[in-house]
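Q: mind folding the following:
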Amino acid sequence: MDRQGLAAAHNAGRQDVVDAQVVSIARECRDDLLEAAVVLDALALCQGHGSYLPRPYQEAAIPTPRDVELRTDASDVADELARHDLRYGTSTTGDIPAPLEDGCTDSDRDAVRVYARREWITRQERWPGI
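A: So this is what the prediction gives:
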């Protein structure tokens, strides 16, 4: 449904249509987040295990190693997935980790990445070929 159709449904008082469309959009956004999180996580896993950048990150004169930056980016996108699932109730496996906060630990970052992997594996088992 395009924006005009959504606005028309809203103006006509068709909350059921509006609600259904919002759920559809939320699922599409989640699919995009899940795919990005898993791709970044796979790339980060290829770089090995290691530390993350601190949160909040402060630019420094010393360049950041690419593997550390990649792991950090992977955890940040996985965090967005977890936040989305908490907000919209779209998790398929449950047990959503707490959102990352300033001062979070490496194990907090690992937890959101593991969550994204678990969600991806479950998605592939339930809907092969997607």
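
Q: do you know how far the residue nearest the centre of the chain is from T72?
A: Note on the chain: the residue nearest the mean C-alpha position is L81, at 1.9 Å, using CA atoms, centre = their mean. For L81, the distance to T72 equals 15 Å [CB to CB, to the nearest Å]. (Glycine included, C-beta is placed from N, CA and C.)

Q: what do you get for D95?
A: D95 sits 23 Å away from T72, going by CB to CB.

Q: again with A116
A: As judged by CB to CB, A116 and T72 stand 14 Å apart.

Q: these two: which has the busier surroundings?
A: A116 (27 against 20; other CB atoms under 10 Å).

Q: that one: what secondary structure?
A: Secondary structure for A116, judged by DSSP: H, G, I helix; E, B strand; the rest coil, is helix.

Q: got a list of what it touches?
A: Contact analysis of A116 by CB atoms under 8 Å, 6 or more residues apart in numbering lists L34, A37, V38, D41, V77, A78, L81, A82.

Q: same question for R109.
A: Applying CB under 8 Å, 6+ apart, the residues near R109 are Y52, R71, T72, S75, D79, L100.
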